[in-house]
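[1] here's my sequence, what's the structure:
(2 chains)
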Number of protein chains: 2
Amino acid sequence: MNSRYWTLAKRPPPPWPDETIFALKEAPIPTPGPGQALTRTIYISLDPYQWGYKRRGEEPEGAPCHARTVSQVVESRIDGLAAGDFVFSTNGWAEYGLMGEGVPRPGYMIPRKLDPASGKISHAVGVLGMLGLTAYAGMVLQCEPKPGETAVVSAASGGVGQIAAQIARIEACRVAGVAGGAAKCAWLRDDLRLDGVIDYKAENDLAAAIRRACPDGIDLYFDNVGGSTLDAALLHLREGARVVLCGRISQVAADPPYGIRNLGQILSRRARMQGFQVFRYHERYEEARAWLAARHRDGQLCQRLHILDGLHHAPAALGMLFRGENTGKLVVRVSDTA
Amino acid sequence: MNSRYWTLAKRPPPPWPDETIFALKEAPIPTPGPGQALTRTIYISLDPYQWGYKRRGEEPEGAPCHARTVSQVVESRIDGLAAGDFVFSTNGWAEYGLMGEGVPRPGYMIPRKLDPASGKISHAVGVLGMLGLTAYAGMVLQCEPKPGETAVVSAASGGVGQIAAQIARIEACRVAGVAGGAAKCAWLRDDLRLDGVIDYKAENDLAAAIRRACPDGIDLYFDNVGGSTLDAALLHLREGARVVLCGRISQVAADPPYGIRNLGQILSRRARMQGFQVFRYHERYEEARAWLAARHRDGQLCQRLHILDGLHHAPAALGMLFRGENTGKLVVRVSDTA
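    This is a model prediction of the structure:
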C-alpha cells in the first residue's frame, strides 16, 4: 500500500505560497526497522515558519513538505510504544511516516508519546505544543507581564496570537488584539474576552486605532506581523516597554521590506525589543506545558482550531495562512483516530 | 560686575542647530544666598541631547542654555565647599552660576565637588562624567561583552563613542569603529588601537564596508547615530547579538525619519535591542566611576577633548556636533583655573 504526500515541485519558490509549486506523490508505506515505528498522520499543523523552510531550501528535494503532526502508531518496534498509541512527530504533509532511530527530524522537535487522558490529542500541535510554548515563552518569560499593564498582540486570532493574548489576560493585563475582519474581532472580544480589539482591515489610521484602544499606551507588544503594524505600535510604547518580535508574516513577500520609521521610540521610551525563537527556552518546556495545561483544564485558556479535512488541502491551507483566511490555529485533518 | 550667557532668542527652533537662534545676554553676577555657592565656569560640555532640550522647549524662556559644566568656586555659603574648589555643576552656557539650595537643576545631575588629585578636572564632563557612565552602562551593563566577541561602535570618535569603543577593547572584544573622515579613522586605529575602522564618508556601500571590517558578523552594536548606519549594522548581526540604541544624531532633523528595513534580523538572529538612558543605572554610578578611573590611571582608557576657547563659541560648537566636525569630546573653555 502507498502513502501519499506533498513535495515541492519547483524551486526556488516564489515569494508567496502558491499551490502550483507543490506536487502530490505517492510511495510505498515504509516498514519500520529496529527502534522505529510507523505512524498514520491524523493532524498536520500549518504554520508560517514552514514557508521559510521552503524559501530557504532547507528541505531535501523530493521529500515530504515538513510539518509537525499528531499521528497514531500503526506498527511499533520502539520499546514502550504500541499500535494505537498517539504521538507528536514530524510526518509532514504525508499520510504515513516513520519515527525513531535514524529518522531525520528538525532540531528540537522531539517525537513524544501523547496521553489522551490529559486532553484532546490535537492540543499537541496547539495550546500544549509549540504554539503554546511559543506564546508562553514570548509573553511570560520575555515580556514579563505585570498586573495592570497594557498588552497588545498582533495576529491575535492566529495560532500563537490567541494563546499569547489569553496568557496576558490571565496575568491580569489589559489586552488589545489586532486582527483582520469583523468576525475575528468579535471572537476576540466575545469569546477570548479581550479588553480591546482593532480591526486593521477597517482602519485607515492604524496608529490612531491603537491609541483609541490603548489610551495610556503599550507596556507589552507581542508582534506576529511586522511592517506597518509594528511601526504603528512603536508610536505608543510606554516607558520601559517590552516588544517581542515573534513573527513578521506581513513581510514575507515584501521586497523591499517595509521601512520602520518609529524605532526612535525604543530609545526615547527606554524600551527593549527582542527577537524570539522558542527553542532558546527548551529547558523550560515542562514548566510551560504544566502552566498551560492547568489553565486549559480550568477553562481560563481556550483554543480555536480551524480544521480542513483531507490531505489535498495542504497547499491551499498554507496560502490561507498568508492571506489571513484562517480563524484560529490552522490544521489539516488527514485521517480519523482508529 | 556682569555674567554673560547665551539664551535662546527664537522658538521654536529649526530642526537643526543654527547660530542665529541664540542671543548673548548679560546680567549682574548673582550673590549666593545661605546654602549656595557662586562658581565661575571653566569647561562647558557640548552634547547632542542639549538640542533635544531646546527643541522640546524644556528650558525656561530667557534662561541660560543648559549644559553640564566644570566650575571653580568664587564664594561659598555651603559647608565643606571653599573658594578655589572645583565642582561639577550645571551652569550652562554662562560665565557664572549658582549651585546649592533652591537652585534648579535637571534631574539626576547632582552637583559635586571634584578632587583634582584624582585626575584632570575636565574628566568630570568626560571619561569620569556622564559620558563615561553612559559608555560603561551601555557597553558593560547592557551589552554584556564577552572576550572574543565583535563589537561595533558608531560615532566612535565622539564623546561617548570613543569611551565605549575602548571599553569593548579592554573587555577583550574585537572592535570596529564607524566615523566620518580619514583623520578620525586614523586616530581610532592608531591611538585607540581599534581592530577595524569604517569611514562612512568614504564608503558608497556601508553594509559591505561593515562586512569587510567584521567578516564574522557583529555581537555587540553600540549605536549613536541611527538611520542608515543602524540599518547596515543590523544586516550583519550574529545569533544572540545585543544592540544598544544610545543616540540617533543622524535622525535629529530627518523628516520623515529614515525607514529601517532590516529589523527582521532582530527576529531571525534572536537579537536584543534596547533603548538606553544612563539615568536608569544611577545606582551603579560609583561602580562605573571606579572602573573608569582605574582604567584611565593605568593608561588603558584615554580621552581626547576637542577644546574651543571662549564662551562666544558655544552656539557654533553645538552646530559642529551635528555636522560631525568635532574630533573627540567637544568642550568650550570659558576661563582658566585661578
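[2] any buried residues in stretch A:154-174, and which?
    A:154-171, A:173-174 (16 or more other Cβ atoms under 10 Å in any protein chain shown). Where you see a C-beta, it was placed from the backbone N, CA and C, and this is true even at glycine.
[3] show me where the stretch 151-300 of chain A has its strands.
    With DSSP state E, counting those that start in this stretch as the criterion, the stretch 151-300 of chain A has strands at A:174-179, A:196-199, A:218-223, A:237-245, A:272-275.
[4] just the pLDDT for the residue nearest to A:Lys329 when sequence neighbours are not counted.
    Leaving aside its chain neighbours, A:Lys329 sits nearest to A:Gly159 (4.0 Å; criterion: Cβ to Cβ, 6 or more residues apart in numbering or on different chains). In this model, A:Gly159 is scored at 92, pLDDT.
[5] do A:Pro12 as well
    For A:Pro12, pLDDT reads 67.
[6] before we move on, what about the one 4 residues further on?
    Model confidence at A:Trp16, given as pLDDT, is 77.
[7] how near is the residue nearest to A:Lys329 to chain B?
    17 Å (Cβ to the nearest Cβ, to the nearest Å).
[8] so that residue makes contact with A:Thr327?
    No - contact criterion Cβ atoms under 8 Å: A:Gly159 and A:Thr327 do not qualify, at 10.7 Å.
[9] can you redo the strands of the stretch 151-300 of chain A as TSV with mean pLDDT and distance to chain B?
    As requested, the strands of the stretch 151-300 of chain A are exported to TSV (pLDDT from 0 to 100; distance: least, Cβ to the nearest Cβ, whole Å):
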stretch	mean pLDDT	distance to chain B
strand A:174-179	98	18
strand A:196-199	98	21
strand A:218-223	98	9
strand A:237-245	97	4
strand A:272-275	95	4
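[10] adding distance to A:Thr90, write these out as JSON lines.
    Formatted as JSON lines, the strands of the stretch 151-300 of chain A follow (distance: least, Cβ to Cβ, whole Å):
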{"stretch": "strand A:174-179", "distance to A:Thr90": "29"}
{"stretch": "strand A:196-199", "distance to A:Thr90": "34"}
{"stretch": "strand A:218-223", "distance to A:Thr90": "26"}
{"stretch": "strand A:237-245", "distance to A:Thr90": "25"}
{"stretch": "strand A:272-275", "distance to A:Thr90": "24"}
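[11] sorry, back to before: and the residue nearest to A:Lys329, what does it touch?
    A:47, A:126, A:131, A:328-330 (Cβ atoms under 8 Å, 6 or more residues apart in numbering or on different chains).
[12] next to chain B, which bits of chain A? Give me the list.
    A:226, A:230, A:245-248, A:251, A:256-277, A:280 (Cβ under 8 Å from any Cβ of the partner chain).
[13] 7 Å instead, please
    A:226, A:245, A:248, A:251, A:256-257, A:259-261, A:263-264, A:266-275, A:277, A:280 (Cβ under 7 Å from any Cβ of the partner chain).
[14] mind checking which of these are buried?
    A:226, A:245, A:248, A:251, A:257, A:259-261, A:263-264, A:266-267, A:269-275, A:277, A:280.
[15] out of those residues, list just those in helices.
    A:264, A:266-267 (DSSP state H).
[16] return the member of the residues you listed nearest to A:Arg11.
    A:Ile266 (37.4 Å; Cβ to Cβ).
[17] next, count neighbours for A:Leu301.
    A count of nearby residues for A:Leu301, using other Cβ atoms under 10 Å in any protein chain shown, gives 22.
[18] tell me the contacts of it?
    Residues near A:Leu301 by Cβ atoms under 7 Å, 6 or more residues apart in numbering or on different chains: A:127, A:166, A:170, A:292, A:295.
[19] could you rerun that using 8 Å?
    A:Leu301 touches A:127, A:163, A:166-167, A:170, A:292, A:295, counting by Cβ under 8 Å, 6+ apart.
[20] now for the closest residue to chain B within chain A: which residues touch it?
    Using Cβ to the nearest Cβ, the closest approach of chain A to chain B is made by A:Gly259 at 1.8 Å. Listed by Cβ under 8 Å, 6+ apart, the contact partners of A:Gly259 are B:258-261.
[21] same deal with A:Gly177?
    So A:Gly177 contacts A:152-154, A:156-157, A:161, A:165, A:185, A:188, A:192, A:194, A:196-198 (Cβ under 8 Å, 6+ apart).
[22] 7 Å instead?
    Here A:Gly177 is in contact with A:153, A:156, A:165, A:188, A:194, A:197 (criterion: Cβ under 7 Å, 6+ apart).
[23] of all these, which comes closest to B:Ala213?
    Once Cβ to Cβ is applied, the member of those that ends up nearest B:Ala213 is A:Val153, at 39.0 Å.
[24] correct me, but the closest one touches A:Gly161?
    Yes - shown here, A:Val153 and A:Gly161 form a contact pair, counting by Cβ atoms under 7 Å, at 5.1 Å.
[25] circling back to that earlier point, and the residue of chain A closest to chain B, what pLDDT?
    Looking at A:Gly259, its pLDDT stands at 96.
[26] so how far is A:Gly226 from it?
    12 Å (Cβ to Cβ, to the nearest Å).
[27] same question for A:Thr20.
    26 Å.
[28] could you do A:Ala117 as well?
    Counting by Cβ to Cβ, the gap from A:Ala117 to A:Gly226 is 40 Å.
[29] swap in A:Gly275?
    On the measure of Cβ to Cβ, A:Gly275 and A:Gly226 end up 11 Å apart.
[30] flag every buried residue along the helix or strand encompassing A:Gly52.
    In this assignment (DSSP states H and E), A:Gly52 forms part of helix A:49-55. Within helix A:49-55, the residues that count as buried by 16+ other Cβ under 10 Å are A:50-51, A:53-55.
[31] now render those as CSV, adding distance to B:Glu75.
    Compiled in CSV, the buried residues of helix A:49-55 are given as follows (distance: Cβ to Cβ, whole Å):
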residue, distance to B:Glu75
A:Gln50, 75
A:Trp51, 74
A:Tyr53, 74
A:Lys54, 77
A:Arg55, 73
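[32] tell me which of these has the lowest pLDDT.
    A:Arg55 (81).
[33] ok, that residue touching A:Trp16?
    No - between A:Arg55 and A:Trp16 there is no contact under Cβ under 7 Å: 9.8 Å.
[34] quick one: contacts for A:Val278?
    A:130, A:133-134, A:137.
[35] one more time with 6 Å
    A:133-134, A:137 (Cβ atoms under 6 Å, 6 or more residues apart in numbering or on different chains).
[36] for it, which non-adjacent residue is spatially closest?
    Nearest to A:Val278 is A:Thr134, by Cβ to Cβ, 6+ apart, at 4.4 Å.
[37] what about the one you found, neighbour count?
    A:Thr134 has 25 nearby residues by other Cβ under 10 Å.
[38] that one sits in which helix or strand?
    Counting by DSSP H and E, A:Thr134 is part of helix A:130-136.
[39] off-centre distance for that helix?
    Distance of helix A:130-136 from its chain centroid, counting by Cα atoms, centre = their mean, to the nearest Å, is 8 Å.
[40] show me the contact partners of it.
    Taking Cβ under 6 Å, 6+ apart as the rule, helix A:130-136 contacts A:159-160, A:163-164, A:167, A:278, A:285, A:288, A:292.
[41] can you tell me which of the residues you listed is nearest A:His306?
    A:Gly159 (9.1 Å).
[42] distance between the ends of stretch A:56-70?
    25 Å (Cα to Cα, to the nearest Å).
[43] show me what counts as buried in that stretch.
    So for stretch A:56-70, counting by 16+ other Cβ under 10 Å, buried means A:59, A:64-70.
[44] quick one: what helix or strand has A:Ala317 in it?
    According to DSSP H and E, A:Ala317 maps onto helix A:314-323.
[45] buried ones in that helix?
    Quick answer for helix A:314-323 (16+ other Cβ under 10 Å): A:314-315, A:317-318, A:320-322.
[46] redo these as a markdown table? Include distance to A:Leu8 and pLDDT.
    Shown next, in a markdown table, are these (distance: Cβ to Cβ, whole Å; pLDDT from 0 to 100):
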| residue | distance to A:Leu8 | pLDDT |
| --- | --- | --- |
| A:Ala314 | 12 | 95 |
| A:Pro315 | 10 | 93 |
| A:Ala317 | 15 | 95 |
| A:Leu318 | 11 | 93 |
| A:Met320 | 18 | 92 |
| A:Leu321 | 17 | 91 |
| A:Phe322 | 16 | 89 |
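[47] perfect, that will be all.
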